[in-house]
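A.B. asks: I would like to see how this sequence folds:
(chains A and B)
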Amino acid sequence: MRDLTNEILELIRRTSSSLPPDVEKRLRASIEKEEPGSPARGALETILKNIDLSRANSTPICQDTGTPIFYVHYPVGWSTIKLKAQIRSAMAEATKRSYMRPNAVDAIYDKNTGNNLGGDDFPYVHFEEVEGDDLTIELMLKGGGCENVGRQYSLPDNSVGAGRDLAGVRKVVLDAVQKAQGQGCAPGILGVAIGGDRGSSYIKSKEVLFDEMGTRNADPKLAELEERLTSEANEMGIGPMGFGGKTTVLDTKIVGLSRLPASYFVSVSYMCWAYRRRKLTIKGEEIIYD
Amino acid sequence: MKQITTPISDDVIRDLKVGDAVALSGMMVTGRDAVHKWMIETFIKKTRPPQGDDLQVYEELKKILNGSIIYHCGPVVSGLDTKDYKFVAAGPTTSIREEPYQADVMKHFNVKGVIGKGGMGAKTLKGCEETPAVYFHAIGGAASYIAQTVTKVHGVFKLDFGVPEAIWVIEVKEFPVVVTMDSHGGSQHAVVEAASKKVLEDLLAREIT
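C.D. replies: Purely as a prediction, here's the structure:
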């Protein structure tokens, strides 16, 4: 089996230092909505300068290089044991090269491992065997500030009058955005999972963030709710960094899951503007970075 | 944009108002969760006896922090092997986690400002009035850009807390920030919180089908 350690290292470098074009495009477009000279506009201007600088110098966009979340789709015949070992070794090397901050802290003894390897689940790696010959590795880096403002609701939720339907989902998602204020590094992107158990619901609310910005759910009801939530969240005027302004949420993505009759969970994962996700594809001898 | 250099006088602090854009220069230190907890427990509430080099670091910090700034930041630092430290990425971390500690730390060390993101609460705002001090908001995530304003890393204390949690003594030149909490009780965060709460209530009252 081929050794992909170097390719994964390059994937990490790109993810940490080069914001995907779809995200950058949205941020550039939002600047015109903010008043000239306002703190909100100043924040977006600084954000855009930072995006250029990080890309030019291969330095992290954000010093919180986040929880590394890998999704690997592999054809029959690849060893997930070996792939995981290669991911871990690339992660340690990326930390040495300052593409990543040492970010794995033992929660019981407060010790930072210094190399971004913490137990079996840090970095987090999800494997899925697929048909065909292409192997893809996707990486998302999700910072702690935005992770901390994520929320999970169990409906009905009387605090906001949310029942077990899409009208109730709308209410709790708006509540989550208001409670987050600027602390998740607005403008943010919302990943919303409806249904599942507490675990699967949170995982899917992140997984949906791998999709390109602006793609709508195939179900017209959910597609409409996605657009409504983005627009209503922006009515709240929280703005970039919570300074006050027009741009609070750049996009919303919803995924519907199966649930138990007894449970109705809504999980909201808040992604900061430093929405770092990149993909590596191995197509025979060809290596493609998105 | 106002130019301010540490150490900062009380008069300069009293002149600052919410909304002021400021370029900060001079010496300051980074400090976040582990540092604030350690300061409170070891030197302010004294619920934990000093250990190792604690007292020595405390004496150094008293000198550096007097009139200076604490930056809520867990940087990416290169040169860890050679001790030729350089900040590679150094944006602010979320400040609200220091809410239980910040006012007491500011008063104890005569800190004139903290830099962070997301703003802080009522206890810190009161601390800003009493010390006096202000809250400077940096742009969250603008890590490469802000790292360029860090012209020199003078040293590091408590590296055993880990790179992000250690106390880095740095010199900055024209670090761009906005005052979002001042020493007169003004808080942009309280204003935005209240206004957005009102809109949320209106949105919640609007039933959809």
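
A.B. asks: tell me the helices in the chain, going along the chain?
C.D. replies: No chain in the question, so chain A it is. Using DSSP state H, the helices assigned to chain A run over residues A:5-17, A:21-30, A:39-57, A:80-96, A:144-148, A:166-180, A:198-207, A:220-235.

A.B. asks: um, chain B though
C.D. replies: B:10-15, B:33-39, B:54-65, B:102-109, B:122-130, B:143-147, B:188-205.

A.B. asks: now these in JSON lines, with distance to chain A and mean pLDDT?
C.D. replies: No exception for glycine: its C-beta is placed from N, CA and C like everyone else's. Shown next, in JSON lines, are the helices of chain B (distance: least, CB to the nearest CB, whole Å; pLDDT from 0 to 100):
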{"stretch": "helix B:10-15", "distance to chain A": "18", "mean pLDDT": "98"}
{"stretch": "helix B:33-39", "distance to chain A": "7", "mean pLDDT": "97"}
{"stretch": "helix B:54-65", "distance to chain A": "16", "mean pLDDT": "97"}
{"stretch": "helix B:102-109", "distance to chain A": "15", "mean pLDDT": "98"}
{"stretch": "helix B:122-130", "distance to chain A": "14", "mean pLDDT": "98"}
{"stretch": "helix B:143-147", "distance to chain A": "4", "mean pLDDT": "97"}
{"stretch": "helix B:188-205", "distance to chain A": "4", "mean pLDDT": "97"}
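
A.B. asks: Check these for me and report the most buried one.
C.D. replies: helix B:143-147 (a mean of 27; mean count of other CB atoms under 10 Å in any protein chain shown).

A.B. asks: Show me what that helix is packed against.
C.D. replies: Applying 3 or more CB pairs under 8 Å, 6 or more residues apart in numbering or on different chains; DSSP states H and E, we find helix B:143-147 packed against helix A:39-57, strand B:86-89.

A.B. asks: Quickly compare those and say which is most buried.
C.D. replies: The highest average neighbour count among the helices and strands packed on helix B:143-147, using mean count of other CB under 10 Å, belongs to strand B:86-89 at a mean of 24.

A.B. asks: Could you export the helices of chain A to CSV, including columns for distance to chain B and mean pLDDT?
C.D. replies: Output for these, formatted as CSV (distance: least, CB to the nearest CB, whole Å; pLDDT from 0 to 100):
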stretch, distance to chain B, mean pLDDT
helix A:5-17, 8, 98
helix A:21-30, 11, 97
helix A:39-57, 4, 97
helix A:80-96, 9, 98
helix A:144-148, 4, 97
helix A:166-180, 4, 98
helix A:198-207, 18, 98
helix A:220-235, 6, 98
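
A.B. asks: Of all the ones you listed, which one is nearest residue B:138?
C.D. replies: Between residue B:138 and those, the shortest gap by CB to CB is with helix A:39-57, which sits at 8.9 Å.

A.B. asks: Name whatever forms a beta bridge with the residue of chain A found nearest chain B.
C.D. replies: Nearest residue of chain A to chain B: residue A:112, at 3.1 Å (CB to the nearest CB). Per DSSP bridges, residues listed as beta-bridge partners of residue A:112: residue A:105.

A.B. asks: for it, what are its contacts?
C.D. replies: Taking CB atoms under 8 Å, 6 or more residues apart in numbering or on different chains, we find residue A:112 in contact with A:102-106, B:161-165.

A.B. asks: now that we have those, which one has the most neighbours?
C.D. replies: residue A:103 (29 neighbours; other CB atoms under 10 Å in any protein chain shown).

A.B. asks: Report the contact partners of residue B:132.
C.D. replies: By CB under 8 Å, 6+ apart, the contact list for residue B:132 reads B:10, B:13-14, B:112, B:183.

A.B. asks: Farthest-apart pair in these, please.
C.D. replies: B:14 and B:112 (10.6 Å).

A.B. asks: Now do the contacts for residue 41.
C.D. replies: Picking chain A for this. Listed by CB under 8 Å, 6+ apart, the contact set of residue A:41 reads A:31, A:34-35, A:245.

A.B. asks: That was the other one, I meant chain B.
C.D. replies: Contact partners of residue B:41, counting by CB under 8 Å, 6+ apart, are B:47-48.

A.B. asks: And the one 3 residues further on, by the same measure?
C.D. replies: Contacts were defined as CB under 8 Å, 6+ apart; by that measure residue B:44 touches B:104-105, B:108.

A.B. asks: same thing but at 6 Å, please
C.D. replies: Residue B:44 makes contact with B:104, B:108 under the criterion CB atoms under 6 Å, 6 or more residues apart in numbering or on different chains.

A.B. asks: Check residue B:174 too.
C.D. replies: Listed by CB under 6 Å, 6+ apart, the contact set of residue B:174 reads B:23, B:25, B:149.

A.B. asks: what does residue A:174 give?
C.D. replies: Applying CB under 6 Å, 6+ apart, one finds that residue A:174 lies in contact with B:200, B:203.

A.B. asks: Quick check: the gap between it and residue A:231.
C.D. replies: From residue A:174 across to residue A:231, the span is 11 Å (CB to CB, to the nearest Å).

A.B. asks: And for residue A:155?
C.D. replies: Relative to residue A:231, and taking CB to CB, residue A:155 is found at 22 Å.
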